[in-house]
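Peer 1: Pasted the sequence and its predicted model underneath.
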Amino acid sequence: EDQVTQSPEALRLQEGESSSLNCSYTVSGLRGLFWYRQDPGKGPEFLFTLYSAGEEKEKERLKATLTKKESFLHITAPKPEDSATYLCAVQAGNTGNQFYFGTGTSLTVIP
Amino acid sequence: DTAVSQTPKYLVTQMGNDKSIKCEQNLGHDTMYWYKQDSKKFLKIMFSYNNKELIINETVPNRFSPKSPDKAHLNLHINSLELGDSAVYFCASSQGIVNIQYFGAGTRLSVL
């Protein structure tokens, strides 16, 4: 069964304490893996897209990596404004019409 | 100018009523989506239209019916509302099917 699993469910970090979020997926025919950030009361906001194993993308304190089974979102020296829920989404299938979101990791960065 | 806008932002209604949520995007995208986010924040795709053609139609009650009058609009009509329909509904759009999706701010539906 196709699925996307994120861990941990919740993460509390001290400001400056680096860590990683995990997204594991089991789908056939991966077309793309997406990371989004969602703030309370708002819609998800796009962060990164990864298309093939070995690919890496970086933006400010965030870096996303992809293997054949999982993706990591590395957060380096986080700040309180990085507090949000981080969602992983996988698009699969011949036409890309299979779309699955993970349940998210709620990140809290304490000053 | 908001890229993907949904109306209303909040919707409170009684069981058994029929309601609609409207979505409009001004990004010139050809694909639009409806998602349901439950109380545990799980985001599940419901429908997707590409160039006004239904391409994703997940297992949802047939009380939910999407309508796409043109590429810039995708509305969601819900008949005979039930308590379990209470959730936040998000609209999104993208250029092409496998691409970045841009989300609206959500419509919080409460069924009493």
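Peer 2: That came in fine, so what should we check first? Values in this document were obtained by computation on a predicted structure and should not be read as measured data.
Peer 1: Can you list the buried residues in stretch B:98-112?
Peer 2: Across stretch B:98-112, burial judged by 16 or more other C-beta atoms under 10 Å in any protein chain shown covers B:98-109, B:111. No exception for glycine: its C-beta is placed from N, CA and C like everyone else's.
Peer 1: and chain B, which of its residues are near chain A?
Peer 2: Within chain B, the positions adjacent to chain A are B:4, B:33, B:35, B:40-45, B:48, B:55-56, B:90, B:92, B:97-106 by C-beta under 8 Å from any C-beta of the partner chain.
Peer 1: In helices, which of those appear?
Peer 2: In helices, judged by DSSP state H, none of the residues of chain B next to chain A are found.
Peer 1: My guess is B:Val111 contacts B:Asp18. True?
Peer 2: No. Taking C-beta atoms under 8 Å as the definition, B:Val111 is not a contact partner of B:Asp18, at 11.7 Å.
Peer 1: what is the mean pLDDT for the strand or helix carrying A:Arg12?
Peer 2: Take DSSP states H and E as the rule and A:Arg12 turns out to sit in strand A:10-14. Strand A:10-14 comes out with an average pLDDT of 97.
Peer 1: Tally up the residues packed near B:Ser39, please.
Peer 2: Applying other C-beta atoms under 10 Å in any protein chain shown, we find 8 residues neighbouring B:Ser39.
Peer 1: what's the closest non-adjacent residue to it?
Peer 2: Leaving out its chain neighbours, the residue that sits closest to B:Ser39 by C-beta to C-beta, 6 or more residues apart in numbering or on different chains is B:Ala87, at 7.4 Å.
Peer 1: How about B:Asn57?
Peer 2: Spatial nearest neighbour of B:Asn57, chain neighbours left out: B:Phe47 (5.9 Å); criterion: C-beta to C-beta, 6+ apart.
Peer 1: What residue in chain A comes nearest to chain B?
Peer 2: Distance from chain B to each residue of chain A (C-beta to the nearest C-beta) is smallest for A:Gly43, at 3.1 Å.
Peer 1: leaving aside the residues next to it on the chain, what's closest to that residue?
Peer 2: Sequence neighbours aside, B:Phe103 is the residue nearest to A:Gly43 in space, at 3.1 Å (criterion: C-beta to C-beta, 6+ apart).
Peer 1: helix or strand right after the least confident helix or strand in chain A by mean pLDDT?
Peer 2: None of the helices or strands of chain A scores lower by mean pLDDT, DSSP states H and E than strand A:98-101, at a mean of 88. Secondary structure here is assigned by DSSP H and E; on that basis, the next helix or strand after strand A:98-101 toward the C-terminus is strand A:105-110.
Peer 1: which residues touch that following strand?
Peer 2: Outside strand A:105-110, the residues within contact range by C-beta atoms under 8 Å, 6 or more residues apart in numbering or on different chains are A:6-15, A:21, A:75, A:78-86, B:41.
Peer 1: Strands of chain B, residue ranges please.
Peer 2: If you assign secondary structure with DSSP state E, the strands in chain B sit at B:4-7, B:10-13, B:19-25, B:31-37, B:43-50, B:53-57, B:64-70, B:73-78, B:87-94, B:102-103, B:107-111.
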